[in-house]
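A.B. asks: Based on what follows, work out the 3D shape:
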Amino acid sequence: MSRVFVTGGSGLLGTALITALLERGDTVVALARSDATAGMLAARGVEVHRGELADPDGLAEGMSGCELAFNVAGINGFCVPDPQAMMRANIDGAVAVVNAAKRAGVPRLVHTSSAATIGEARGVVADEFTAHRGSFLSQYEQSKTLGERAVLAAAAAAGQDLVCVNPSSVQGPGRSGGTGRFLIAFLDGRLKVFLDTWISLVDIQDCVSGHLLAAERGQSGERYLLSGIRMSVTELLALATEVAGVSAVPRLLPAPVATIGGAVTELIFRARGRRPPVCREMVRTLLHGHRYDGSRAERELGLSYTPPEDTLARTVAWARAEGLLRSS
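C.D. replies: The predicted structure is shown next:
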């Protein structure tokens, strides 16, 4: 049993991570910014520490006496209305957690980064050592890349033990946004058009296991890609229809049409002061595609990945139970 501090405990990954920590008997202390989050965490048997991500003093107080900390907090999304808020959370907030952990004497900090920080060239099957292309596809990718570099530098300067984990797109029960939203809409017949691309995913439970194994076995100052599924979009959708027992074939949109459509949609919605559902950086990222190699986590951490059909089956069952997927 350990005393463990967690940021981002109300999100998809944070919620699943806290569940795993409680199940193994750890005492969990979680950061909460709002009354609603504090109440939800307290109802789960979590010790609540009220505070802000960018407050090192307050964070250090919450981390006092903890043997381990997980920084899962951050902002993830495309077409966000205020990119500066994302930069502050994913860069400044992450560094604040490193400094707080050092001040509180936490022996090990695990930082949730992103596979997007790899920054591989298009068409490359990328691992942790792949050269960065030198440019960013989105503001999210930029914020997570700069944030990862900043936390590694801050930890090295302070002498704080730090391990980074870099999940690809997290999928499974509970994921109704991002790739999960597109998948559910396709299976339900509401979305028929896709881009010809490559997708890399990691099961939510594998992602949690990767975090726990990184805390136990990860090498300080290193990063570990968590990615167990690598498929073309047509392969993924074909498997999803088979698992769900539905009949659907996607229509692939030509890249030039998608690019123009994304730009026009963004222009119209921005002019109306609304967040666009599709924008240039989203289309650019989708057209680039991602093929990640998550085998280092298998070799060095002992992580075992869930078969993709199992991840999809659990996702479909959850979506149907929640009324998000109406097709039978």
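A.B. asks: Can you check what pLDDT the model gives residue 327?
C.D. replies: pLDDT for residue 327: 63.
A.B. asks: what about residue 311, which helix or strand?
C.D. replies: Using DSSP states H and E, residue 311 maps to helix 308-321.
A.B. asks: Quick one: distance of that helix to the chain centre.
C.D. replies: Computed by Cα atoms, centre = their mean, to the nearest Å, the chain-centroid distance of helix 308-321 equals 19 Å.
A.B. asks: Now the lowest-mean-pLDDT helix or strand in the chain: buried residues?
C.D. replies: The weakest-scoring helix or strand in the chain, judged by mean pLDDT, DSSP states H and E, is helix 178-187 (a mean of 88). Buried residues in helix 178-187, defined by neighbour count with 16 or more other Cβ atoms under 10 Å: 179, 180, 182, 183, 184, 186, 187. C-beta here means a position set from N, CA and C on the backbone, and glycine is covered the same way.
A.B. asks: Mind checking what helix or strand follows that helix in sequence?
C.D. replies: Counting by DSSP H and E, what follows helix 178-187 is strand 193-195.
A.B. asks: Report the angle between whichever helix or strand comes after that following strand and helix 308-321.
C.D. replies: Next helix or strand after strand 193-195 toward the C-terminus (DSSP H and E): strand 198-203. Computed with axes from the mean of the first three to the mean of the last three Cα atoms, to 10 degrees, the direction of strand 198-203 lies at 70 degrees from that of helix 308-321.
A.B. asks: Send me strand 198-203 as PDB with only the CA atoms.
C.D. replies: The C-alpha trace of strand 198-203 is given here as PDB (Å, rounded to 0.1, in the frame of the first residue of the first chain):
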ATOM      1  CA  TRP A 198      -3.500   5.200 -40.400                       C
ATOM      2  CA  ILE A 199      -4.700   5.100 -36.700                       C
ATOM      3  CA  SER A 200      -2.900   4.000 -33.600                       C
ATOM      4  CA  LEU A 201      -4.900   3.300 -30.400                       C
ATOM      5  CA  VAL A 202      -4.300   2.000 -26.900                       C
ATOM      6  CA  ASP A 203      -7.000   0.300 -24.800                       C
END
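A.B. asks: need the next SSE after it, C-terminal direction.
C.D. replies: Downstream of strand 198-203, the first helix or strand assigned by DSSP H and E is helix 204-217.
A.B. asks: Confirm residue 81 sits in a helix?
C.D. replies: No. Residue 81: not assigned to a helix; according to DSSP: H, G, I helix; E, B strand; the rest coil it is coil.
A.B. asks: on that earlier part again, what is the most widely separated pair among the buried residues of helix 178-187?
C.D. replies: 179 and 187 (12.6 Å; Cβ to Cβ).
A.B. asks: tell me the SS of residue 76?
C.D. replies: Following three-state DSSP, residue 76 is assigned to coil.
A.B. asks: That one and residue 153, how far apart?
C.D. replies: Going from residue 76 to residue 153 by Cβ to Cβ, to the nearest Å gives 22 Å.
A.B. asks: And those two? Which one has more around it.
C.D. replies: For residue 76 versus residue 153, neighbours defined as other Cβ atoms under 10 Å are more numerous around residue 76 (20 against 12).
A.B. asks: which phi and psi does residue 223 have?
C.D. replies: Torsion angles at residue 223 (phi, psi; degrees, to the nearest 10) stand at phi -130, psi 150.
A.B. asks: List the residues that contact it.
C.D. replies: Residues in contact with residue 223 (Cβ atoms under 8 Å, 6 or more residues apart in numbering) are 113, 117, 128, 148, 163, 164, 165, 166.
A.B. asks: what's across from it in the sheet?
C.D. replies: The bridge-partner assignment for residue 223, based on DSSP bridges, gives residue 164.
A.B. asks: Let's see the pLDDT reported for it.
C.D. replies: So residue 223 comes in at 98 (pLDDT).
A.B. asks: separation between it and residue 130?
C.D. replies: 12 Å.
A.B. asks: Next: residue 277.
C.D. replies: Residue 277 is 31 Å from residue 130, by Cβ to Cβ.
A.B. asks: out of these two, which sits in the busier spot?
C.D. replies: residue 130 (16 against 12).
A.B. asks: Tally up the residues packed near the closest residue to residue 281 other than its chain neighbours, please.
C.D. replies: Spatial nearest neighbour of residue 281, chain neighbours left out: residue 138 (4.0 Å); criterion: Cβ to Cβ, 6 or more residues apart in numbering. If you count neighbours by other Cβ under 10 Å, residue 138 ends up with 21.
A.B. asks: re the thing from before, would TSV of the buried residues of helix 178-187 with distance to residue 72 be doable?
C.D. replies: Shown next, in TSV, are those (distance: Cβ to Cβ, whole Å):
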residue	distance to residue 72
179	19
180	18
182	24
183	23
184	24
186	28
187	28
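A.B. asks: ok, so of those, who is nearest residue 234?
C.D. replies: residue 186 (11.3 Å).
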